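Visitor: Can you look at this prediction? I've put the sequence above it.
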Amino acid sequence: METHHSGILQFLRRDKKPIRNTNIEHKEQLSALDKLAIKITDKVGSMGFFLVIFIWTVVWLGWNILMPATWAFDPFPAFALWLFISNVIQIFLMPLIMVGQNLQSKHAEARAEADFEINTKAELEIETVLVHLEKQNELILKILEQQQREKSGH
């Protein structure tokens, strides 16, 4: 019985890698430019950024449509300056967002791998515990049978 118990403990202890925090690992691997790309991706993908762009557009277009022609700096109907600035913003943000999304995707993959590793270890440990419990049940039944025989033999 002692050898069986120590064998299970050795099985549970073998191949024990320390638990890794994929969030910390991912952050440590990022360069300054990677961190900047992720921050920009997070900010651009927020409602706050959308509202800023929306309000900027409404104010810009509203000013140039509703104000007298002498006050309009980007006159209706062309809005050439607004279109130019909007396109420049898009041209710069598109590649940055793609870089940020790729980095976020790599982080998600690392988290999924770590989850799979933990789940696999947990499954092995559960199976080991179940085997151990089955062995204990067998031993308990043998002890009960032996006690029954001893009682009936007296």
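Guide: Received it, and whenever you're ready, just let me know what you need.

Visitor: make it CA atoms for all contacts and neighbour counts henceforth
Guide: Fine.

Visitor: Any regions of this protein where pLDDT drops low?
Guide: 1-17, 154 (pLDDT under 70).

Visitor: mind listing the helices for it?
Guide: Using DSSP state H, the helices assigned to the chain run over residues 2-13, 22-29, 32-44, 47-66, 80-153.

Visitor: now, of those, which is deepest in the fold?
Guide: helix 32-44 (a mean of 16; mean count of other C-alpha atoms under 10 Å).

Visitor: Could you measure from residue 61 over to residue 53?
Guide: Between residue 61 and residue 53 the distance is 12 Å, computed by C-alpha to C-alpha, to the nearest Å.

Visitor: just residue 47 next, same as before
Guide: Remark: distance between residue 47 and residue 53 (C-alpha to C-alpha) = 10 Å.

Visitor: what's the answer for residue 28, then?
Guide: According to C-alpha to C-alpha, residue 28 stands 33 Å off from residue 53.

Visitor: swap in residue 23?
Guide: Distance, residue 23 to residue 53, using C-alpha to C-alpha: 31 Å.

Visitor: Over to residue 32?
Guide: Residue 32 is 26 Å from residue 53, where distance means C-alpha to C-alpha.

Visitor: Then residue 60?
Guide: Counting by C-alpha to C-alpha, the gap from residue 60 to residue 53 is 10 Å.

Visitor: One more: residue 26?
Guide: Taking C-alpha to C-alpha, one finds residue 26 at 31 Å from residue 53.
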